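> Here is the input, now give the coordinates:
(one chain, ligands or ions: 1)
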Amino acid sequence: GSADIECDMLVLGAGPGGYSAAFRAADLGLRTVLVERYATLGGVCLNVGCIPSKALLHVANVMDEAAHFADLGIDFGAPRIDIDKLRAHKEKVVGKLTGGLSGMVKARKVEVVRGLGSFLDPNHLAVELTQGNGQDKSGEKKVIRFRQCIIAAGSQAVKLPFMPVDPRVVDSTGALGLKAVPKRMLVVGGGIIGLEMATVYSTLGARIDVVEMMDGLMQGADRDLVKVWEKKNAHRFDKVMLKTKTVAAEAKEDGIWVKFEAMEGGSAPAEAQCYDLVLVAVGRSPNGNKISADKAGVVVTDRGFIPVDNQMRTNVPHIFAIGDIVGQPMLAHKAVHEAHVAAEVAAGQKSSFDALQIPSVAYTDPEVAWAGLTEDQAKAKGIKYEKAVFPWAASGRAIANGRDEGFTKLLFDAETHRIIGGAIVGTHAGDLIGEVCLAVEMGADAVDIGKTIHPHPTLGESIGMAAEVAHGSCTDLP
Ligand code: FAD
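Residues are numbered from 1 along each chain as shown. Got it, this is the predicted structure:
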């Protein structure tokens with residue numbers, strides 16, 4: 001058929017997966033078109049995910065630290081919160097990054113088409129052009145003919161069907177909108193996103209309840225790490241309801257009244273509870289069923305995921321898929337890595353996705369970070385491993401910082417002594433875990449890390465110290 005635009009490479013969706021794929025494809029000489037419905041590039045991560053949440057978490061962190069400074073002889077007094085200014089700050093942070101992306105797109109001569117894309121056949125995509133914030137359709141349509149395509153259409157928050165449509169019931173996007181600080185807030189779902197937002201809102205003054213169906217918060221992390229976080233954060237929560245289902249909710253004038261049901265072993269209040277704000281953070285579902293993928297012959301699962309091989313190819317060889325839409329873990333750094341593989345393969349290179357580890361970080365306070373295998377995963381796989389733990393109570397820097405509650409843990413294969421994973425709970429754990437990622441990828445063993453001179457006194461030193469513990473010769477630097 002006829003087309004308005006022709007290209008070598010069409011990328012659908014401009015999140016971290018999509019823009020990274022478009023940049024790499026353009027760098028490799030492919031004439032690239034990037035289709036995005038929203039006014040700004042960057043997807044969930046830059047606009048309503050990783051970045052705005054971290055802008056707010058940074059502020060919360062400084063507030064929490066400052067609050068304890070009176071004990072050290074420096075009293076800042078009670079904070080005065082200007083929520084409009086704080087929101088403006090967060091928006092400025094996001095704007096800097098999305099603006100930077102537009103510049104990079106131009107520099108690489110990637111053509112951006114603003115609109116909602118859906119496939120017509122294996123080589124054509126129709127785009128309903130959008131305006132304003134990206135929701136308003138202009139009525140205009142463009143057809144793009146492509147040789148190859150990378151689908152990077154991402155995911156969206158899962159909704160609970162019984163939640164009333166009400167401004168006091170929000171998903172993570174609404175919570176990041178930061179309209180006001182509620183007195184009583186319910187966080188439905190005790191995963192990373194819910195707990196990060198709980199950290200922000202409780203520091204700003206909200207009292208928080210958390211409800212979670214599983215038997216513990218922050219699923220995926222080993223329990224020894226979570227315990228440290230729980231101890232330090234107990235003051236934030238009125239109730240943490242584990243093994244509890246949220247079953248009904250009603251919007252009334254005085255608040256959102258929510259009903260719970262304890263599962264086996266759980267305990268939940270029998271009466272409905274009243275909240276000024278309810279954040280639903282029960283997971284994200286992929287957008288695979290919203291792009292007419294079937295017209296291109298691309299297989300999509302019932303849940304909306306697009307299956308791919310280790311070169312990120314779908315069942316249709318010239319159509320690739322990457323990021324949240326291909327599966328867990330739904331993380332920006334995984335999307336970016338997959339993007340590079342897909343673009344390189346499309347350009348004729350022999351790349352494949354063969355990462356040995358994908359790190360996870362909860363940017364709570366303290367942070368919880370893990371990479372490679374967790375202990376739970378190693379046990380489930382029947383791997384014989386050795387564990388080395390360095391408690392931050394023995395770290396000079398952590399003590400000097402007044403934050404020695406954390407620890408650093410390394411897991412080694414019992415026979416080869418190669419590092420198979422590691423985890424850190426403590427301030428800046430997310431920044432520190434990179435060394436563990438590198439060690440896993442490079443097949444480093446305990447001696448490699450233990451004999452590497454780390455700068456003293458730093459938190460990063462704790463990784464070298466843990467390796468020395470594994471090696472059996474403890475260092476004498478405190
Ligand atoms: P997305 O970022 O979802 O981008 C997809 C894009 O495609 C969107 O811009 C969408 O508008 C567009 N699109 C979809 N369908 C169409 C269509 N039909 N036509 C045109 N455009 C379309 N990850 C981390 O690694 N670290 C974090 O700290 C972190 N924090 C997070 C905090 C929150 C609150 C949330 C919600 C997520 C967070 N994540 C974090 C996850 C991270 O945001 C995602 O993993 C990442 O954005 C996925 O990238 P993606 O490119 O696959 O998709």
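> Next up, the contacts around the one residue in the stretch 51-200 of the chain that gets nearest to the ligand.
Here the stretch 51-200 of the chain gets closest to the ligand at one residue, Gly154, 2.1 Å apart by C-beta to the nearest ligand atom. Just so you know, the C-beta spots here come from the backbone N, C-alpha and C atoms, and that holds for glycine as well. Applying C-beta atoms under 8 Å, 6 or more residues apart in numbering to Gly154 gives the contacts 13, 15, 17, 43-44, 286-287, 323-325.
> now do 7 Å
Going by C-beta atoms under 7 Å, 6 or more residues apart in numbering, Gly154 touches 13, 15, 43-44, 287, 323-325.
> Any stretches of this structure with poor pLDDT?
1, 133-135, 472-478 (pLDDT under 70).
> let's see 80
1, 132-137, 470-478 (pLDDT under 80).
> Give me the residue at the spatial middle of it.
Leu331 (4.7 Å; C-alpha atoms, centre = their mean).
> now, which of the contacts of Gly154 lie within helices?
Counting by DSSP state H, the contacts of Gly154 place 43-44 in helices.
> now the contacts of Gly154 as CSV including neighbour count and distance to the ligand?
Shown next, in CSV, are the contacts of Gly154 (neighbours: other C-beta atoms under 10 Å; distance: C-beta to the nearest ligand atom, whole Å):
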residue, neighbour count, distance to the ligand
Gly13, 31, 3
Gly15, 30, 2
Gly43, 29, 3
Val44, 24, 4
Asn287, 23, 5
Gly323, 36, 2
Asp324, 31, 4
Ile325, 28, 6
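> Write out the residues of the protein neighbouring the ligand.
With C-beta under 6 Å from any ligand atom as the criterion, the chain meets the ligand at residues 12-18, 35-38, 43-45, 49-50, 53, 116-117, 152-155, 172, 193, 287, 291, 323-325, 330-333, 335, 363.
> the helices in the stretch 351-478 of the chain, which residues?
Per DSSP state H, counting those that start in this stretch, the stretch 351-478 of the chain carries helices over the ranges 375-380, 396-400, 429-432, 434-442, 446-450, 461-471.
> Backbone torsions only: list them for the closest residue in space to Asp376 that isn't next to it in sequence.
Closest residue to Asp376 apart from its sequence neighbours, by C-beta to C-beta, 6 or more residues apart in numbering: Asp222 at 6.0 Å. Main-chain dihedrals, Asp222, degrees, to the nearest 10: phi -60, psi 150.
> Quick check: Asp222 touching Gln377?
No - if you go by C-beta atoms under 7 Å, Asp222 and Gln377 don't touch, sitting 9.1 Å apart.
> who has more neighbours, the two?
Asp222 (20 against 16; other C-beta atoms under 10 Å).
> tell me the contacts of that one?
Shown in contact with Asp222 (C-beta under 7 Å, 6+ apart): 374-376, 423.
> Give the PyMOL command for selecting the buried subset of those residues.
For the buried members of the contacts of Asp222, the matching PyMOL selection, counting by 16 or more other C-beta atoms under 10 Å, is:
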select buried, resi 374+375+423
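> Put together TSV for the contacts of Asp222, with distance to Val59 on each row.
Formatted as TSV, the contacts of Asp222 follow (distance: C-beta to C-beta, whole Å):
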residue	distance to Val59
Thr374	30
Glu375	34
Asp376	33
Ala423	26
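> which one among the contacts of Asp222 gets closest to Leu101?
Ala423 (32.1 Å; C-beta to C-beta).
> For the residue nearest to the closest one when sequence neighbours are not counted, give the beta-bridge partners.
Closest residue in space to Ala423, ignoring its immediate chain neighbours: Trp370 at 3.9 Å, by C-beta to C-beta, 6+ apart. Trp370 forms beta bridges with Ser360, Ala423, as assigned by DSSP bridges.
> and Trp370, how many residues sit next to it?
As a burial measure, Trp370 scores 27 neighbours (other C-beta under 10 Å).
> Now do the same contact list for it.
Contacts of Trp370 (C-beta under 7 Å, 6+ apart): 221, 359-360, 423.
> That one and Ala221, how far apart?
As judged by C-beta to C-beta, to the nearest Å, Trp370 and Ala221 stand 6 Å apart.
> Also Val447?
Where Ala221 is concerned, Val447 sits at a distance of 27 Å (C-beta to C-beta).
> Where is the longest strand in the chain?
strand 136-151 (DSSP state E).
> Check the offset of the helix or strand just after that strand from the chain's centre.
With elements assigned by DSSP states H and E, the helix or strand that comes after strand 136-151 is strand 155-157. Distance of strand 155-157 from the chain centroid (C-alpha atoms, centre = their mean, to the nearest Å) equals 12 Å.
> Contacts for strand 155-157 next, please.
Contacts of strand 155-157 (C-beta under 7 Å, 6+ apart): 171-173, 284-287, 324-325, 330.
> change it to 6 Å
Outside strand 155-157, the residues that touch it by C-beta atoms under 6 Å, 6 or more residues apart in numbering are 171, 284-286, 324, 330.
> same check, this time on stretch 303-310
Stretch 303-310 is contacted from outside by 285-286, 288-289, 300, 314, 321, 325-327, 352-353, using C-beta under 6 Å, 6+ apart.
> With stretch 327-334 instead?
Contacts of stretch 327-334 (C-beta under 6 Å, 6+ apart): 16, 45, 50, 155, 284, 305, 324, 358.
> Of the helices of the stretch 351-478 of the chain, flag the one that's most buried.
Compared across the helices of the stretch 351-478 of the chain, helix 461-471 shows the largest average neighbour count, a mean of 24 (mean count of other C-beta atoms under 10 Å).
> Could you name the helices and strands sitting against that one?
Contact here means 3 or more C-beta pairs under 6 Å, 6 or more residues apart in numbering; DSSP states H and E; on that basis helix 461-471 packs against strand 385-391, strand 407-413, helix 446-450.
> Which among the ones you listed is found nearest to Lys245?
Going by C-beta to C-beta, the one of these nearest Lys245 is strand 407-413, 32.7 Å.
> From the contact counts, what lies against the closest one?
Packing partners of strand 407-413 (3+ C-beta pairs under 6 Å, 6+ apart): strand 385-391, strand 419-426, helix 461-471.
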